[in-house]
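# model the following, please.
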Amino acid sequence: GLVGQRAAPVDLTYLCDAVLLLRFFENAGRVRRAISVIKKRVGAHEDTIREFRISAEGVAVGQPLDEFRGILTGAPVFEGKHSDLLSG
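Alright, predicted model coming up:
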């Protein structure tokens, strides 16, 4: 499925140098995508959750989604005023 909790029968993250989490969320009646870095083997990494979009022009990454909570759980709640999400 595309929504809800996901679990794998085997944890392979220890083999990975980096783990990205991609989630869907809804805002103003549109399905949007969020990206976050869960693990990076060496050094510090970005700890914010950001919107991203893939289009004919390439990949665009927006500002941190700091007016939302619950994006990683799959049940996001918008707690702010109009956000500067990626337009388009």
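
# which stretches of the chain aren't confidently modelled?
Scanning the chain for pLDDT under 70 picks out 1-10, 74, 81-88.

# now with 80?
1-15, 27-28, 71-76, 80-88 (pLDDT under 80).

# where do the strands sit along the chain?
Under the criterion DSSP state E, strands of the chain are mapped to 18-27, 30-40, 50-55, 58-64, 68-69, 77-78.

# adding mean neighbour count and distance to residue 11, write these out as a markdown table.
Backbone N, C-alpha and C define where each C-beta goes, glycine included. Below are those laid out as a markdown table (neighbours: other CB atoms under 10 Å; distance: least, CB to CB, whole Å):
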| stretch | mean neighbour count | distance to residue 11 |
| --- | --- | --- |
| strand 18-27 | 14 | 11 |
| strand 30-40 | 15 | 12 |
| strand 50-55 | 15 | 25 |
| strand 58-64 | 12 | 27 |
| strand 68-69 | 16 | 26 |
| strand 77-78 | 14 | 29 |
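
# restricting to C-alpha, output stretch 27-44 in PDB.
Output in PDB follows, covering the C-alpha atoms of stretch 27-44 (Å, rounded to 0.1, in the frame of the first residue of the first chain):
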ATOM      1  CA  ASN A  27      -2.200  19.900   2.000                       C
ATOM      2  CA  ALA A  28      -5.000  22.000   0.600                       C
ATOM      3  CA  GLY A  29      -6.500  19.000  -1.200                       C
ATOM      4  CA  ARG A  30      -3.300  18.000  -2.900                       C
ATOM      5  CA  VAL A  31      -1.100  15.000  -2.400                       C
ATOM      6  CA  ARG A  32       2.500  16.000  -1.700                       C
ATOM      7  CA  ARG A  33       5.700  14.200  -0.900                       C
ATOM      8  CA  ALA A  34       8.100  14.600   2.100                       C
ATOM      9  CA  ILE A  35      11.700  13.500   2.400                       C
ATOM     10  CA  SER A  36      13.900  13.100   5.500                       C
ATOM     11  CA  VAL A  37      17.300  11.700   6.300                       C
ATOM     12  CA  ILE A  38      17.000   8.900   8.900                       C
ATOM     13  CA  LYS A  39      20.600   7.800   8.900                       C
ATOM     14  CA  LYS A  40      23.900   8.900   7.500                       C
ATOM     15  CA  ARG A  41      26.900   6.700   8.300                       C
ATOM     16  CA  VAL A  42      29.600   9.400   8.600                       C
ATOM     17  CA  GLY A  43      29.000  12.900  10.000                       C
ATOM     18  CA  ALA A  44      26.000  15.000  10.900                       C
END
